[in-house]
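Colleague: Sequence first, predicted coordinates after that:
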Amino acid sequence: MPARRNGTTPVRDVAKRIKRGRKAYIVPTEKNAHGFVAGESFLERNHLLCFSLLEGLEQLWDQPVCIDLENQNLVASRSDLPKKDGSRVASYTADAKYQLEGGQIGVCESKPSAFVEKHADRHAQAKKVLEKFGMTFFTLTEKRFTPVFISNLENLKKALSPAQKQNSEIAAQKIEFALQRQNCWRTLDLKRVAGLSSADIFFGLAYGLLSADMNELIFSETAHVRAAHGSLDHLKFMEL
């Protein structure tokens with residue numbers, strides 16, 4: 001299990017759950033100072049995975065904000081919450097916080113759609129407090145996170161692994177040569193003509209050589225990839 005830097009742990013360090021025999025889902029990312037973020041559920045993991053790859057998102061934190069709902073304030077940790085009648089006041093810890101290239105900061109809660117209504121009042125309270133501090137708030141569910149989309153995200157993450165750097169450079173040479181012939185290829189044809197593997201195609205997508213719709217099957221009979229000319233706009237999966 002990767003370690004956090006001293007003095008910079010989240011409000012709730014989900015990664016420590018493994019020491020208590022519970023699951024923690026780790027997502028490596030350079031967008032966090034620790035080199036990773038962690039989720040309590042597979043749903044959270046999918047959302048963090050998406051954020052870690054999302055073009056335009058610069059920084060990402062897990063379990064970052066403790067909201068004092070009673071006093072409409074933010075505190076550094078649960079231990080800093082004031083007490084009322086001998087007990088700590090009602091609070092809420094969101095699943096993720098992010099910062100975009102333009103400096104905007106947002107907070108995201110991951111919740112199965114079946115439970116969104118049940119937690120609507122608490123989410124509304126959290127949103128009100130966060131807006132006081134210049135942050136947006138929204139809830140993400142499993143909608144849009146289809147098996148195909150999740151699989152594509154996983155393959156993009158693998159393609160960006162430092163261990164794959166040499167393989168990605170070899171693939172880039174083959175892809176660039178093929179794109180000199182034409183800008184748009186049926187994916188299966190590009191693999192065959194250029195002598196590429198499926199992993200090579202994802203190298204191209206991850207590094208801005210190729211573009212495709214990440215919500216679709218990349219290797220279906222009708223799937224196409226296009227020259228991206230260095231753009232990563234196809235990694236703008238959602239508007240934040």
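Modeller: Yep, it's here.
Colleague: Find the residue at the geometric middle of this protein.
Modeller: Centroid-nearest residue in the chain: residue 51, 2.2 Å away (criterion: Cα atoms, centre = their mean).
Colleague: Would you map out the domains in this structure?
Modeller: Here the domain parsing of the chain from automatic domain parsing is 14-140, 147-235.
Colleague: got a list of contacts for stretch 225-240?
Modeller: Around stretch 225-240, the neighbours that count as contacts under Cβ atoms under 8 Å, 6 or more residues apart in numbering are 50, 53-57, 98, 100, 104, 106, 136, 144, 149, 156, 179, 183-185, 187, 190, 201, 204-205, 208-214, 218. All C-beta spots, glycine's among them, are computed from the backbone N, C-alpha and C.
Colleague: what does stretch 147-163 give?
Modeller: By Cβ under 8 Å, 6+ apart, stretch 147-163 touches 27-28, 46, 49-50, 52-53, 164, 168, 198-199, 202-203, 205-207, 214-218, 235, 237.
Colleague: do that again at 7 Å, thanks
Modeller: 46, 49-50, 53, 164, 168, 199, 202-203, 205-206, 214-218 (Cβ atoms under 7 Å, 6 or more residues apart in numbering).
Colleague: now stretch 124-131
Modeller: Under Cβ under 7 Å, 6+ apart, the answer for stretch 124-131 is 67, 69, 72, 92, 94, 107, 137.
Colleague: In this structure, which residue sits furthest out from the middle?
Modeller: In the chain, the greatest distance from the average C-alpha position (Cα atoms, centre = their mean) is reached by residue 85, at 39.6 Å.
Colleague: and the gap between that residue and residue 78?
Modeller: 17 Å (Cβ to Cβ, to the nearest Å).
Colleague: so residue 107, which of the three states?
Modeller: Following DSSP: H, G, I helix; E, B strand; the rest coil, we place residue 107 in the strand state.
Colleague: tell me the contacts of it?
Modeller: Residue 107 is in contact with 65, 94, 97, 130, 135, 137, counting by Cβ under 7 Å, 6+ apart.
Colleague: Of these, just say which sits nearest to residue 117.
Modeller: Of all the contacts of residue 107, residue 117 sits closest to residue 137, with 16.6 Å by Cβ to Cβ.
Colleague: Going by secondary structure, the closest residue to that closest one other than its chain neighbours is in what exactly?
Modeller: Computed as Cβ to Cβ, 6 or more residues apart in numbering, the closest residue to residue 137 that is not its neighbour in sequence is residue 127, at 4.0 Å. Taking DSSP states H and E as the criterion, residue 127 maps to helix 120-132.
Colleague: Direction included, what does the helix or strand following that helix pair against?
Modeller: Heading C-terminal from helix 120-132, the first helix or strand you meet, by DSSP H and E, is strand 135-140. Here strand 135-140 is paired, per DSSP bridges, with strand 105-110 (parallel).
Colleague: C-terminal to the longest helix along the chain, what's the next element?
Modeller: Among the segments of the chain that qualify as a helix by DSSP state H, the longest is helix 165-179. Per DSSP H and E, the first helix or strand lying C-terminal to helix 165-179 is strand 184-186.
Colleague: Enumerate the positions of the helix or strand that comes right after that following strand that are buried.
Modeller: Once strand 184-186 ends, the next helix or strand along the chain (criterion: DSSP H and E) is helix 187-194. Using 16 or more other Cβ atoms under 10 Å as the test for burial, helix 187-194 gives 187, 188, 190, 191, 194.
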